[in-house]
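In: Mind looking at a prediction? Sequence and model below.
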Amino acid sequence: MKKIINLILFIAILSTPWLHAQDDVLNPYEGNATSDPSENLITESYQIPSYNLYLQDWNNEYLKIKSLGISFGNNDDIKIILVESHNNAFAMPCDLYRITSKYGNRKGGMHTGIDLALAKGAPIRCCFDGVVRMAKEYSSYGKTVVVRHYNGLETVYAHLDSIYVQPNEMVRAGQLVGTAGNSGRASGVHLHFETRFLYEHFDPEKMIDFGSGDLISNILTIAKSELDFDTAPEAPATAQTPTPTPTPTPAPTTANNNAPATANNAPATTNPTPKPATQPAPNNTANNNNSGSVIHTVVSGDTLYGIARKYGTTVDKLLKLNNITEDSKLQLGQKIRVK
């Protein structure tokens, strides 16, 4: 009888809360999503952060579908309030990191964020309150989460090992969105962290002091020149989206995989710039050469996604065939191999 009583007491001790609390100490990188994240999913358009600022554009598939081309008047700078009284405080996206690559030109290409080396499985947290716009495996970014915040900013968390949120889920500052990994095109475990406004990337170190782990200021100032707005934005992606300019350039109404929506410096007119009579203007039909490949000539309004859809291929295949990146700008008359 005494043995039975001792056994019962031993089982009771194992089930006590303080013992399970030790698991959190021994395994600080283990975490999970909320018990029922579906309860936090938005259901109406008014719940979408900065919906009108983004011209009623909200998609769960692409990091950037087009350039919005919004006019900010004569002001050279854009000022954004980062934390307001009704929002939670700012949270660093991760802890115990080491910067391995900063924003800017890198090996002849543009590095659109900052890389923070971490231990595999380290927690990755949302910086501000917002709504998850994208949470999926995404091209070279690997497992990626994009959150749009209520001030119009978007933050990007890429190369994750695990994702703990889903598209259209409302999240809070400091909430776990995933864990660090090396998914996608990554060398070593790290977080590729981006800051964007109206789909255009800018240097995260303009906003965050990665030495102190805090905001540089509660007001973020971005020069318009730092945001690579195209001069001729793409036509609206859907019929109900307001026209961004009085005279929009006719363009495919499809999304783009993180590539500018129009050919570089395309004029905002109803027709492409005419060519001399001796050189007829290119059309958007493909040419076959002797090698069997199919070539598309870029015209005003073309996007990588639109070209891929036209020829029944994917953006990833176009990037590989033409040795270009997602941020490459299409030029008028440029030859794009599609097959």
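Out: Alright, I've got the coordinates. Keep in mind it's a predicted model, so treat the numbers as computed, not measured.
In: what ranges do the helices span in this protein?
Out: 2-14, 17-26, 304-310, 315-322 (DSSP state H).
In: worst average pLDDT in those helices?
Out: Among the helices of the chain, helix 17-26 has the lowest mean pLDDT, at a mean of 36.
In: right, and Ala158 touches His190 too?
Out: No. Assessed by Cβ atoms under 8 Å, Ala158 is found out of contact with His190, at 9.3 Å. Using the backbone N, CA and C atoms, a C-beta is placed for each residue, glycine as well.
In: So between these two, which is more surrounded?
Out: Ala158 (29 against 25; other Cβ atoms under 10 Å).
In: Give the lowest-confidence helix or strand of the chain, using mean pLDDT as the measure.
Out: helix 17-26 (a mean of 36; mean pLDDT, DSSP states H and E).
In: mind giving me the domain ranges of this structure?
Out: Listed by automatic domain parsing, the domain ranges of the chain are 37-226, 235-339.
In: Check those for me: which has the lowest mean pLDDT.
Out: domain 235-339 has the lowest average pLDDT among those, namely a mean of 58.
In: What degree of burial does the residue nearest to Gly174 when sequence neighbours are not counted show, as a neighbour count?
Out: Distance criterion Cβ to Cβ, 6 or more residues apart in numbering; nearest residue to Gly174, sequence neighbours excluded, is Ala91 at 3.7 Å. Neighbour count for Ala91, taken as other Cβ under 10 Å: 16.
In: Is Ala91 in contact with Ile124, as I believe?
Out: No. With contact defined as Cβ under 8 Å, Ala91 does not reach Ile124; the gap is 10.6 Å.
In: got the contact list for Ile114?
Out: By Cβ atoms under 8 Å, 6 or more residues apart in numbering, Ile114 lies in contact with Ile99, Ser101, Lys102, Tyr103, His192, Phe193, Glu194, Asp203, Pro204, Glu205, Phe210.
In: So in that sheet, which strands flank the top strand by length along the chain, and in what orientation?
Out: Determined from DSSP state E, the single longest strand within the chain is strand 153-163. Sheet pairing here is set by DSSP bridges, and for strand 153-163 it gives strand 142-149 (antiparallel), strand 176-180 (antiparallel), strand 190-197 (antiparallel).
In: contact partners of the shortest one?
Out: Think strand 176-180. Residues contacting strand 176-180 (Cβ under 8 Å, 6+ apart): 29, 31-33, 94, 118-126, 132, 135, 143, 145, 147, 157, 159-165, 171, 189-191.
In: of those, buried ones?
Out: 31, 33, 94, 118, 121-126, 132, 135, 143, 145, 147, 157, 159-165, 171, 189-191 (16 or more other Cβ atoms under 10 Å).
In: Cys126 against Val171, yeah?
Out: Yes. Here Cys126 reaches Val171: they are 4.8 Å apart, a contact under Cβ under 8 Å.
In: Quick check: neighbours shared by these two?
Out: By Cβ under 8 Å, 6+ apart, the residues touching both Cys126 and Val171 are Val147, Val177.
In: how far away is Gly108 from Gly306?
Out: As judged by Cβ to Cβ, to the nearest Å, Gly108 and Gly306 stand 27 Å apart.
In: Please say which of the two ends up with more neighbours.
Out: It is Gly306, of Gly108 and Gly306, that has more neighbours when counted by other Cβ under 10 Å, with 20 against 5.
In: can you give me the strands in the stretch 151-300 of the chain?
Out: Here the stretch 151-300 of the chain has its strands, by DSSP state E, counting those that start in this stretch, at 153-163, 170-171, 176-180, 190-197, 200-202, 208-209, 214-215, 219-223, 286-288, 294-297.
In: who does the second one touch, helix- and strand-wise?
Out: I take that to be strand 170-171. Secondary-structure packing of strand 170-171 (3 or more Cβ pairs under 8 Å, 6 or more residues apart in numbering; DSSP states H and E): strand 130-138.
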